[in-house]
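Peer 1: take this sequence and fold it.
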Amino acid sequence: GQTTLHQGDFTAARTHLEIALMRAGNEADPTRLRETPRAAGYLAWVLWYTGDPERARARADEALALARRAA
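Peer 2: Numbers count the residues shown, from 1 in each chain. Next comes the predicted model:
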């Protein structure tokens, strides 16, 4: 998702990042706990760039909350 975002393919980026977030449910896994905020943050960028600022803000807030939880 991150790579496709930087390539400008927002549709593919959104798909990859949403899948990553759906699969990130296991908070006992330290790697997933660490990577989930990053995926949410990149998804916020995708939403912003594609003209959905309200959802982008919500995802950015989610990313911050996830990062705080991951410490």
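Peer 1: the protein: helices as residue ranges?
Peer 2: Along the chain, the stretches classed as helices by DSSP state H are 2-6, 10-22, 30-49, 53-70.
Peer 1: so of these, which one's packed in deepest?
Peer 2: helix 30-49 (a mean of 19; mean count of other C-beta atoms under 10 Å). C-betas here are computed from N, CA, C, even on glycine.
Peer 1: avg pLDDT for that helix?
Peer 2: Helix 30-49 carries an average pLDDT of 90.
Peer 1: repeat for stretch 13-21
Peer 2: 94.
Peer 1: what lies in contact with it?
Peer 2: Residues from elsewhere that reach stretch 13-21 (C-beta atoms under 8 Å, 6 or more residues apart in numbering): 1-2, 4-5, 35-36, 39-40, 42-43, 46-47, 50.
Peer 1: and what of stretch 53-61?
Peer 2: Counting by C-beta under 8 Å, 6+ apart, 40, 41, 43, 44, 45, 46, 47, 48 sit against stretch 53-61.
Peer 1: quick check: closest non-adjacent residue to the fifth one.
Peer 2: Read that as residue 45. Nearest non-adjacent residue to residue 45, counting by C-beta to C-beta, 6 or more residues apart in numbering: residue 5, 6.2 Å away.
Peer 1: same question for the last one.
Peer 2: Across the structure, with C-beta to C-beta, 6+ apart as the measure, the residue nearest residue 48 apart from its sequence neighbours is residue 56 (3.9 Å).
Peer 1: from the contacts of stretch 13-21, which two are the most distant?
Peer 2: Spanning the widest gap among those are 35 and 50, at 22.4 Å by C-beta to C-beta.
Peer 1: list the contacts for the spatially most central residue of the chain?
Peer 2: Centroid check for the chain by C-alpha atoms, centre = their mean gives residue 40 as the closest residue, at 1.9 Å. Shown in contact with residue 40 (C-beta under 8 Å, 6+ apart): 17, 21, 59, 60, 62, 63, 66.
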